[in-house]
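Trainee: just a sequence and a predicted model for now, questions to come.
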Amino acid sequence: MNVISLFSGAGGLDLGLVHAGHDIVWANDIYEDAVETYRKNIGDHVDVRDIVNIPSSDIPDADVVVGGFPCQGFSVANWARTVGDERNSLYREMVRVIRDKNPKFFIAENVKGIVSLGKGEVLNKIIEDFRGTGYRTQWKVLNSADYGVPQKRMRFVMLGIREDLTLNSVPFPPISTHRDPSKNESKSLPDWVTVGDALAHFPEPEDAPNIPNHSYSKYKLRFNGHLGHRFIDPLKPAPTVTGRGDDKGGVVVLHHPGNHRRMSARELAAVQSFPDDFIFEGTRTSAYRQIANAVPPKLGHSIGIMLNEVERAVNYTTCETL
Ligand SMILES: C[S@@+](CC[C@H](N)C(=O)[O-])C[C@H]1O[C@@H](n2cnc3c(N)ncnc32)[C@H](O)[C@@H]1O
C-alpha cells in the first residue's frame, strides 16, 4: 500500500514496511542528519520541515499513515514525565494529517510508558482524538524480541481502521516470528536472537576502520545496574537501546556483550536489526541517537506484513458481488 510516514527519523519503521512490500510516498522529520540518512538509504521522498508548518495540501494521499510521534514527554526513561508536557501535543499533528488525508488505516507507535502516563489518562485522550477522526482502534505493547530483534525493546503499537471498512476479523497484533526460550511455548518458532550471536560477525573496531559507523564511545564502563551501566548477557537479547526521540541530548549506549567496551554505532544498529549496509550520516553521537530513536526494522517488517493481512481482510463489496 501507499504510506505517509510522519516522524520518520532515520527510517527504521519505513525500512521494515518497504521490505514488506509497501511504498512510502512521503516522509517527514525535522532532524537533518536523520533525514540525510533516510535519503541515502531509503529514498528522496522525505521532507525536512517542522510538521507544524506543513499544510496537509503539501502531503500526497495514501492508504496508510504511520507515525511514532516524539516520545520524550512519554518516556519511562525520562524522570520528568508529566501529563502536561507540551511535547506530547505533537501527536495532534498526526491526528490532523489522518483527518485531512483520510487513509484506510493508520499505525501509531510509541514507547511503552505512554500506557501508564497520567494513570492512563493521556492514552485515553489520544485514543479519543484518533477515534474522533472516524477510526476504530486497537493497541498492544509488543516485545521486539518476539519479531527477531536481538533486543527486548517494548513498543506500543496502535492500529486504526477507518470506520466505513468492515473486516470479518482483524489480524492484530502482528504474528510473532520468534519465541522466549525460557517459556514453555510451542517450539515451532526459533528462539529469540541473542545479542552475542547478533554481534559475533563484527571485528573489533580498531581492526576494521573501513566498516562504516563502526566506532565507539570511550565513555568509561561501570557496572552499577543502572541504565547504560549494566553487564550485558551475550546469551540473551540486549536490554532496550534508549534515545530521547529527538535530535538533542545524550544516548545511553549499551556495553558490548564482551563487556570490555561500549558498542559501536554499527553494533548498536545491529541490535536494532538494521542491516549492515544501512549507513548513518552525521557524527557518531548523531548516529547513536538516530539508531536509539528508531523502530527496529524487523518489527517494522512484521507490522508491514500485518498491514497486508488487514487489507486482505477488508470486505470490499462491489456491485458485481451484490
Ligand atoms: C521516536 S523518533 C521516530 C523514529 C522513527 N519512527 C524510526 O523508526 O526511525 C521521533 C522523531 O520525531 C522527530 N520530530 C520531533 N519533532 C518534530 C517536528 N516538529 N516535526 C517533524 N519531526 C519531528 C524527531 O526528529 C525524531 O526523529
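Mentor: Perfect, I can see it now. Numbering: from 1, shown residues only.
Trainee: tell me the contacts of residue 52?
Mentor: 90, 93 (Cβ atoms under 8 Å, 6 or more residues apart in numbering). Any C-beta I mention is one placed from the backbone N, CA and C, and that applies to glycine too.
Trainee: 10 Å instead, please
Mentor: 30, 89-90, 92-93, 96 (Cβ atoms under 10 Å, 6 or more residues apart in numbering).
Trainee: wasn't it part of a strand?
Mentor: No. According to DSSP: H, G, I helix; E, B strand; the rest coil, residue 52 belongs to no strand; its state is helix.
Trainee: what comes up buried for the helix or strand hosting residue 5?
Mentor: Residue 5 belongs to strand 2-6 when assigned by DSSP states H and E. For strand 2-6, the buried set under the neighbour-count rule, 16 or more other Cβ atoms under 10 Å, comprises 3-6.
Trainee: then stretch 132-147?
Mentor: 133, 135, 139, 142-147.
Trainee: could you do stretch 222-234 as well?
Mentor: Buried-residue list, stretch 222-234, by 16+ other Cβ under 10 Å: 228, 230, 232, 234.
Trainee: which residues are in contact with the last one?
Mentor: So that's residue 234. 194-200, 256-259.
Trainee: name only those of the residues you listed that count as buried.
Mentor: 194-196, 198-199, 256-257.
Trainee: burial check on the spatially closest residue to residue 102 that is not a sequence neighbour, number of neighbours?
Mentor: Among residues not flanking residue 102 along the chain, residue 162 sits closest, at 7.2 Å (Cβ to Cβ, 6 or more residues apart in numbering). If you count neighbours by other Cβ atoms under 10 Å, residue 162 ends up with 16.
Trainee: how much space between residue 162 and residue 269?
Mentor: 35 Å (Cβ to Cβ, to the nearest Å).
Trainee: quick one, the longest helix seen in the chain and strand 2-6 angle?
Mentor: Across the chain, the longest stretch assigned as helix under DSSP state H is helix 297-313. Put simply, helix 297-313 runs at 140 degrees to strand 2-6, going by axes from the mean of the first three to the mean of the last three Cα atoms, to 10 degrees.
Trainee: and the end-to-end length of stretch 190-207?
Mentor: 32 Å (Cα to Cα, to the nearest Å).
Trainee: returning to that earlier point: and the buried ones among the contacts of residue 234, which two are furthest apart?
Mentor: 194 and 256 (13.4 Å; Cβ to Cβ).
Trainee: which among the buried residues of stretch 222-234 gets closest to the ligand?
Mentor: Compare each of the buried residues of stretch 222-234 with the ligand using Cβ to the nearest ligand atom and the shortest gap goes to residue 228, at 18.3 Å.
Trainee: quick one, what contacts the residue nearest to that closest one when sequence neighbours are not counted?
Mentor: Nearest residue to residue 228, sequence neighbours excluded (Cβ to Cβ, 6+ apart): residue 252, at 3.7 Å. When the contact criterion is Cβ under 10 Å, 6+ apart, the partners of residue 252 are 77, 226-230, 239-244, 262, 288, 292.
Trainee: tell me which other helices or strands the helix or strand of the chain with the lowest mean pLDDT touches.
Mentor: None of the helices or strands of the chain scores lower by mean pLDDT, DSSP states H and E than helix 121-132, at a mean of 90. Identification of packing neighbours for helix 121-132 by 3 or more Cβ pairs under 10 Å, 6 or more residues apart in numbering; DSSP states H and E yields helix 91-101, strand 105-111, strand 135-143, strand 154-162.
Trainee: most packed of the ones you listed?
Mentor: strand 105-111 (a mean of 25; mean count of other Cβ atoms under 10 Å).
Trainee: from the ligand, how far out is residue 312?
Mentor: 25 Å (Cβ to the nearest ligand atom, to the nearest Å).
Trainee: any idea how far residue 148 is from that residue?
Mentor: Distance of residue 312 to residue 148, given as Cβ to Cβ: 23 Å.
Trainee: looking at those two, which is more packed in?
Mentor: With neighbours defined as other Cβ under 10 Å, residue 312 and residue 148 compare such that residue 148 has more, 22 against 9.
Trainee: ok, back up a step: now the strand holding residue 5: how far from the chain's centre is it?
Mentor: 14 Å (Cα atoms, centre = their mean, to the nearest Å).
Trainee: and it, which strands flank it?
Mentor: Strand pairing for strand 2-6, using DSSP bridges, gives strand 23-28 (parallel), strand 64-67 (parallel).
Trainee: and those strands as TSV, adding mean neighbour count and mean pLDDT?
Mentor: Converted to TSV, the strands paired with strand 2-6 look like this (neighbours: other Cβ atoms under 10 Å; pLDDT from 0 to 100):
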stretch	mean neighbour count	mean pLDDT
strand 23-28	21	98
strand 64-67	26	98
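Trainee: of these, which is nearest residue 124?
Mentor: Of all these, strand 64-67 comes closest under Cβ to Cβ, at 19.1 Å.
Trainee: low-confidence ranges in the stretch 201-322 of the chain?
Mentor: For the stretch 201-322 of the chain, applying pLDDT under 70 flags the ranges 244-250, 318-322.
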